[in-house]
Each structure stands twice: as C-alpha cells, then as structure tokens.
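Asker: Coordinates only, no sequence provided:
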C-alpha cells in the first residue's frame, strides 16, 4: 500500500497568515494527489484535485503544488472559517490512502 | 444538484452485521465510481471500498476485505455496504462519496451515518 505522511500534525496560526501543509508519498504517485478539509461534524470537502486543480467554488486562497512524492497545500491568508482538519489522499492506486490529517487552528 | 444520503447505521454487537445504503441523485449514477470512507473516533479518514460504475469492479481495504461487500443498483441509483463480523474498531461515521479508482477523487460526499459496534 502507498503510505501518505502529512506534516505538521497540527498548527496554530493567526488570521491572515500564510499556512503550508506538506504531504509525502512512500512512492511516486505522479500528480494523483487530492486535498480535503473536514470541519467537526461535517462531511469532508474537496479543495484541490490532481495536485494543483482548485475545485469549483473553493476560495482562491487555497492552492496546491507538487508531483512525484512531495506535495504542498498552501492557504495564502488564513481565515477563521478555515479551521478544520486537512487531509491529503492519493489515487495513483485504486486502493486510496489518506494522510493522517493536519489540524489547523487560529492563534 | 448532486445529493448523497446515507442510511442504515446504528448500534450492533461485535460479530453482528449491518447494511448501509447511499441514495444518489442529481447525476448519472452509473457513470461514476462510488466509494465508502469512514472516520473513526479520534482517527483520520480511512478509505474502505470502491466500486466502478458499469462493470462493478470492486476494491477493498485490507482491514475489511472478506468481511464487507460493496454493491450498487444503478437502476435505483443506490450504493450499498454489507458489513459482517463487525468489530469494535469498525465503529465510525461512514461516508459515501462520488468518485473512486485510479486518478479519482471524492468530489461529493454524503452527511455520513454512524455505526457503533459495542456489547
């Protein structure tokens, strides 16, 4: 199975800060990497697909980059509504795997 | 608009069985892979199983292989997860999502249904 490792596991930042979350795959996954966030009690929401494609309706402060094994999700200006747990997910394999999650809080 | 509505969750004893359903609307159901994903208390998202649109090829996580069966009824726009030999560690909110397979992604998700396995 392809293992996905996110860092950090949690972070606290101020409103307006630039936030970066990284995701590393245990083998190359080309660009088949997706990002979601999940707020407590809610369903996950797709933010980015295929490493860098912003899902329709998602604010442009979210962006993704990377290929191969190393990927990054960036929030250019953190907003209070961005408090959530963020997950990366690979679909290079038909057996998907998720990262362990990054909990984002407001300082 | 796309809607996915899960049902069938509840409290079940270890070793018991449960069948989850996911009713889909707002898109051509047979055109899409569908996937089950769960969120256990204090844990992260875990992919459980996917099924392709028309030929119904199926894929399972090792943690549920041999115990869970995914299926679909394209005429009724419904997705199912038959869960048997349930364990306490299967306790989770179970989500259905549209998408799956190679290069896929979960563009739409249901609200989830809670499965609790406890004596």
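Answerer: In hand now; what should we look at? Please read all numbers here as calculations on a predicted model, not as lab measurements.
Asker: I'd like to know if stretch B:73-81 reaches chain A anywhere along the stretch.
Answerer: No. Using C-beta under 8 Å from any C-beta of the partner chain, stretch B:73-81 stays clear of chain A, with a minimum separation of 15.0 Å. Glycine gets a C-beta too; all of them are placed from N, C-alpha and C.
Asker: contacting residues around that stretch?
Answerer: Contacts to stretch B:73-81, defined as C-beta atoms under 8 Å, 6 or more residues apart in numbering or on different chains, come from residues B:19-25, B:29-30, B:34, B:36, B:48-49, B:51, B:53-54, B:68-72, B:94, B:96.
Asker: Please apply the same query to stretch A:48-58.
Answerer: With C-beta under 8 Å, 6+ apart as the test, stretch A:48-58 has contacts from A:31-35, A:45-47, A:60, A:62-67, A:71, A:73, B:103, B:105, B:107.
Asker: Excluding chain neighbours, what is closest to the residue sitting nearest the centre point of chain B?
Answerer: Nearest to the mean C-alpha position of chain B, by C-alpha atoms, centre = their mean, lies residue B:36 at 2.9 Å. The shortest distance from residue B:36 to any non-neighbouring residue, by C-beta to C-beta, 6 or more residues apart in numbering or on different chains, is to residue B:48 (4.3 Å).
Asker: quick one, phi/psi of that neighbour?
Answerer: phi -110, psi -50 (degrees, to the nearest 10).
Asker: Quick check: residues of chain A near chain B?
Answerer: Looking at chain B, the residues of chain A close enough under C-beta under 8 Å from any C-beta are A:1, A:32, A:34, A:36, A:38, A:43-46, A:49-50, A:55, A:85, A:87, A:89, A:91-101.
Asker: picking that back up, the residue nearest to the centre of chain B pairs with what?
Answerer: For residue B:36, the beta-bridge partners are residue B:49, residue B:96 (DSSP bridges).
Asker: Of the contacts of stretch A:48-58, grab the buried ones for ChimeraX.
Answerer: Buried residues among these (16 or more other C-beta atoms under 10 Å in any protein chain shown), as a ChimeraX selection:
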select /A:31,32,33,34,35,45,46,47,62,63,64,66,71,73 /B:105,107
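Asker: Run through the residues of chain B sitting next to chain A.
Answerer: Within chain B, the positions adjacent to chain A are B:35, B:37, B:39, B:44-47, B:50, B:59-62, B:95, B:97, B:100-107, B:109-112 by C-beta under 8 Å from any C-beta.
Asker: Mark which of those residues are buried, thanks.
Answerer: Buried residues within the residues of chain B next to chain A, defined by neighbour count using 16+ other C-beta under 10 Å: B:35, B:37, B:39, B:44-47, B:50, B:59-61, B:95, B:97, B:100-101, B:104-107, B:109-110, B:112.
Asker: tell me the centre residue of chain A?
Answerer: In chain A, the centroid-proximal residue (C-alpha atoms, centre = their mean) is residue A:35; its distance is 3.8 Å.
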